[in-house]
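>>> This is the structure alone, sequence omitted:
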């Protein structure tokens, strides 16, 4: 893939999507992570003067917040920092009487921890659409193909966006785009994490490396296999697990099904 040519195509596509919708610019969430930084870089090139980024910590790792802000300052991007820990605390008090901290470290039940983490993502979506509406901007999502296929995103959270410029690129391809866009190495070399809680990582939670996920996705869709993927686990296990995740999370990738009936004239 020619990543220079591809980046220009993506930039043109973002411009066209915003223009077709009759909007004036773009807004994104800035996490200090790989996908977020690459999407922001592309969006900045598409709309140099009409872009806003939101930094929305809620029990997050401070280093990620610092990386996000430094990155935005270097690109001269307008940003707003919204710490919504108090709002999250109020949400927790409404649904549970436990005194859970915003970093979720003291939540022992994994199902409950995941529900609370997903609630954070949905609150962020609300902020993005608030500022999008008052500025007549489009919400740009940051999800990549690996995550989209396996359903590794929050429905109506980070999945609640208007466009997904990176949704057809595997994680390693997003990293390559980041290199030609001059995204700092400290960001591109990070362990991928949704920042859902301290010590959380994508690969640890899914149980496969990003290369293994890509291998499984390529096998599922009978795509061309590439040689530079690092595979450590049993290939049959990878294929089976990936297929299960793709099928299980199909509902996340589709519009909600509608009951339909034939009307009498």
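Good, I have the coordinates. Worth saying up front: this structure is predicted, and the values here are computed from it rather than measured. Numbers count the residues shown, from 1 in each chain.
>>> Please make it C-alpha for all contacts and neighbour counts, starting now.
Will do.
>>> which stretches of the stretch 1-150 of the chain form strands?
25-29, 51-55, 78-81, 137-139 (DSSP state E, counting those that start in this stretch).
>>> Now do the buried residues in stretch 99-106.
By neighbour count with 16 or more other CA atoms under 10 Å, stretch 99-106 contains the buried residues 100, 102-104.
>>> could you pull out the helices for the protein?
Here the chain has its helices, by DSSP state H, at 3-20, 34-46, 62-74, 85-95, 110-135, 145-150, 171-180, 185-188, 202-206, 210-220, 235-248, 250-253.
>>> what's the angle from the first one to helix 34-46?
Between the axes of helix 3-20 and helix 34-46, defined by axes from the mean of the first three to the mean of the last three CA atoms, to 10 degrees, the angle is 70 degrees.
>>> and for helix 3-20, what are the contacting residues?
24-26, 42-43, 45-47, 137-138, 163, 165, 176-177, 180 (CA atoms under 8 Å, 6 or more residues apart in numbering).
>>> Max pairwise distance over those: which two?
Largest separation among the contacts of helix 3-20 by CA to CA: 24 and 176, giving 28.8 Å.
>>> Find the nearest non-adjacent residue to residue 79, please.
Spatial nearest neighbour of residue 79, excluding adjacent residues (CA to CA, 6 or more residues apart in numbering): residue 53 at 4.6 Å.
>>> Look up how far residue 115 lies from the one you found.
In this view, residue 53 and residue 115 are 25 Å apart by CA to CA, to the nearest Å.
>>> more crowded one of those two?
Using other CA atoms under 10 Å as the criterion, residue 53 and residue 115 rank with residue 53 on top: 22 against 11.
>>> thinking that one is in contact with residue 76, fair?
No - Residue 53 is beyond contact range of residue 76, at 10.8 Å (criterion: CA atoms under 8 Å).
>>> Output the lowest mean pLDDT helix or strand found in the protein.
Across the helices and strands of the chain, mean confidence by mean pLDDT, DSSP states H and E is lowest for helix 202-206: a mean of 88.
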